[in-house]
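**Student:** give me the fold of what follows.
(one chain, ligands or ions: 2)
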Amino acid sequence: MNDQSPSKAATDQQQFLTVLSREDAIARFDAALFPRPLQRESAPLATALRRVLAADILAPIDVPPFDRSAVDGFAVRAADLKDASDASPRILQLNDEVIHCGVLPKATVTGGTATPIATGGPLPRGADAVVMVEHTAPADRTSIEVRRSAIPGQFISGAGSDMARGETVLREGTLVGSREIGMLAACGIAEVEVVRRPRVAVLSTGDELVQPGDVLPPAGIYDANGPIVTAAVEENGGEADFLGAIPDDAEKLEAAMRKALAESDMLILSGGTSKGAGDLTHQLIARLGSPGIIAHGVALKPGKPLCLAVCDGKPVIVLPGFPTSAMFTFHDIIVPVLRRLAGLPETSEEHVSARVPLRVASELGRDEFVMVSLMEGADGLVAYPSGKGSGAVTSFAQADGFLRIEALADHLPKDSKAEVRLLTPSVRIPDLAVIGSHCVGLDILLTPLVRQRLTVRTMAVGSLGGLAAAKRGECDLAPIHLLDPKTADYNTPFLSEGLELVPGWKRMQGIVFRPDDSRFAGKSVEAALSSALADHDCLMVGRNQGSGTRILIDRLLKDARPDGYWNQPKSHAAVAAAVAQRRADWGIAIGPVAERLGLGFIPVTEEHYDFALVSDRRGRPAVSAFLEALASNEVRDALKAAGFTPS
Ligand SMILES: Nc1nc2c(c(=O)[nH]1)N[C@H]1C(S)=C(S)[C@@H](COP(=O)(O)OP(=O)(O)OC[C@H]3O[C@@H](n4cnc5c(N)ncnc54)[C@H](O)[C@@H]3O)O[C@H]1N2
Ligand code: MOO
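**Tutor:** Ligands and ions are numbered 1, 2, ... in the order given. This next block holds a predicted model:
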């Protein structure tokens, strides 16, 4: 890509001309960056923590610097105490000095004499052993009886026995922790040569981005990538300089990129790397220095639009805008480069083997990395695909690890065994696993458990997904709210063998609307429905197939399918947001959610939110704690205050 005119380069890079494999992209990026010498600087001991040593450390002195006593007692000549015992103690004359720590001995210990010495006191000339005070008794004011024999060297720490002068005590590349600080201090080293932390400029791009703390305008998004990347840079040995979010404006962006690159060793941007009107960054990179773009488009998911460049020796990276794609590609591809520049060792790659209980679809042609939560199943670890997609922040942030589906596969079959690469140092099996339908009330219920220091994992997979997980023994409890249309009973008809019902609470479901909408305000359910159906401009928002709320909607509407019915979000929150933001005029959701957005609410029916408990797991301490919390006044009152009716 050398020697291209800027405009030619810009048109080339507008699309993914060559989507490289992950391995190819990494190899080309590495080849353009390494080998290179590490930058170094000198750091005072007080700031050396978490730095990487840039050179071997040789002990400049012996530690300890002199032979010293390891006990409180008397410095003696071992030969004087041959055959000494309780039955035949030896008498030694005391020399006229006491050797405390920091006291330089004056007298020589000659045959038949002893000098009192404290733990840490320098051994006097002539002495070759120390006897413990417990094995002696005063004979008179100037002599002692010794009741044990001694061997030469006994209770003496020799000079240099800890670290000998000239010995390599710490190696180049060592990450300095408190233990290393102790070794350096003991040798008297006040300053060390360390690797200079790479300065990494971090820039977010996008007109929609707002910094946390500022007011979110309509269609605005809080900048998550900026803070994520800044923190991840610091976690991996870099010194991050977060420069905020730059709007999609070529001039402003180019100026910001030039300045950032001039002042740092590495530049990391996010957003605007895929196709699209605002996607400018990669076009600008070509003008920042050679060789420029190394890879733009990598056959991996999440992270296809990743752009890797080197501009006059400095790495320039554009991470995808989607937060999970940004986090994943940062950890997978940028962290190894950053750590190498920072002189840090590679992160450990702990893997565990787990069964994947569901079929996982995958995109052909891209290595797909599936974020998973680990649960303990009946037959070992179970890896639950946990992601909400690349656009979510939680997919990567809450995962225990991830597994890989090769580019040539379009799915991973149900019950496959997979290697899961851990994102945490070890597997964290929660004390309590709750898989099923989510409710705000569940968070209220789990609070006291967390305060009891129990670890709790919840996964929102819907009522049916939860029941299936419970049947497979992958969780302790499955929160469900399933209406049996035949019996009009909630939940009980859906239990199978091995599951029992723990009653939870009731949630009022009703019509949500904007309070100033006269088509609904102050009306009964029937009247509100008929005015909605009579008005062709009145737009509803539906719910997804399989949700309890969808069953209710269909019962209310009978055969009617008003405009908006096929807009089917998956949560109460999404329904309420659609109405509040005027993308729809009404929908069905639970009362507490409507209340939080200040929406009007016409109650329709109470839905039962209960728990399917895996009977085998009833005896677990965390399950007992859960049942106690559910029955407690504290939780019941909090549930009532939040608009629920505890059973
Ligand atoms: N027609 C196509 N569309 C998309 C493709 C494609 O190949 N063809 N690729 C998709 C993939 S894969 C990804 S990943 C995304 C990434 O696109 P960009 O890197 O260009 O990112 P943006 O368009 O700027 O933003 C995407 C999305 O992320 C939000 N975002 C951006 N920056 C931040 C930030 N700092 N903090 C939080 N959220 C951020 C932004 O608001 C957008 O919602 O493109 C697909 N599209
Ligand atoms: O590749 Mo994108 O990163 O799937 O979301």
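
**Student:** residues of this structure that sit close to ligand 2?
**Tutor:** 301-304, 320, 322, 325, 390 (CB under 6 Å from any ligand atom). To be clear about C-beta, it is placed using only N, CA and C from the backbone, and glycine gets the same treatment.

**Student:** quick one: which of the residues you listed is nearest M371?
**Tutor:** P302 (8.9 Å; CB to CB).

**Student:** returning to what we had before: lowest-confidence entry in the residues of the chain next to ligand 2?
**Tutor:** When the residues of the chain next to ligand 2 are compared on pLDDT, S390 comes out lowest, with 86.

**Student:** burial measure for that residue, as a count.
**Tutor:** By other CB atoms under 10 Å, the residues close to S390 number 21.

**Student:** OK, contacts around it?
**Tutor:** 301-303, 320, 322-325 (CB atoms under 8 Å, 6 or more residues apart in numbering).

**Student:** over to G542?
**Tutor:** With CB under 8 Å, 6+ apart, G542 has these contacts: 550, 553, 564-569, 587.

**Student:** over to A528?
**Tutor:** Counted by CB under 8 Å, 6+ apart, A528 has contacts 511, 513, 519-520, 586, 602.

**Student:** measure V103 to ligand 1 for me?
**Tutor:** Distance, V103 to ligand 1, using CB to the nearest ligand atom, to the nearest Å: 65 Å.

**Student:** hang on, that residue packs against P122?
**Tutor:** Yes: the pair V103 / P122 is scored as a contact, 7.3 Å apart, by CB atoms under 8 Å.

**Student:** the more surrounded of the two?
**Tutor:** Between V103 and P122, counting by other CB under 10 Å, P122 is the more crowded of the two (21 against 13).

**Student:** next one: the more buried one, what pLDDT does it get?
**Tutor:** For P122, the predicted pLDDT is 98.

**Student:** quick check: bridge partners of it?
**Tutor:** R68 (DSSP bridges).

**Student:** how about the residues of the chain near ligand 1?
**Tutor:** So the chain meets ligand 1 at 204, 206, 208-209, 221, 223-226, 270-276, 279, 302, 304-305, 320-323, 325, 390-391 (CB under 6 Å from any ligand atom).

**Student:** V103 falls within a helix, correct?
**Tutor:** No: checked against DSSP: H, G, I helix; E, B strand; the rest coil, V103 lies outside a helix; its state is coil.

**Student:** which one among the contacts of A528 gets closest to ligand 1?
**Tutor:** W586 (27.2 Å; CB to the nearest ligand atom).

**Student:** beta-bridge partners for the closest one, please?
**Tutor:** Under the criterion used here (DSSP bridges), W586 is bridged to F513, M540.

**Student:** what's the neighbour count on it?
**Tutor:** Neighbour tally, W586, other CB under 10 Å: 28.

**Student:** who's in contact with it?
**Tutor:** 511-513, 517, 519-520, 528, 532, 538, 540-541, 579.

**Student:** what's the helix or strand for whichever residue of the stretch 201-350 of the chain sits closest to ligand 1?
**Tutor:** Distances between the stretch 201-350 of the chain and ligand 1 by CB to the nearest ligand atom are smallest at G321, namely 2.3 Å. G321 belongs to no helix or strand when assigned by DSSP states H and E.

**Student:** what's the spacing between the closest residue to it other than its chain neighbours and E368?
**Tutor:** Spatial nearest neighbour of G321, excluding adjacent residues (CB to CB, 6 or more residues apart in numbering): G271 at 3.5 Å. Shown here: G271 relative to E368, a distance of 22 Å by CB to CB, to the nearest Å.

**Student:** and the two? Which one has more around it.
**Tutor:** In this view G271 and E368 are compared by other CB under 10 Å, and G271 has more residues nearby, 30 against 24.

**Student:** measure that one to L253 for me?
**Tutor:** G271 is 11 Å from L253, by CB to CB.

**Student:** overlap in contacts of these two?
**Tutor:** 205, 281.
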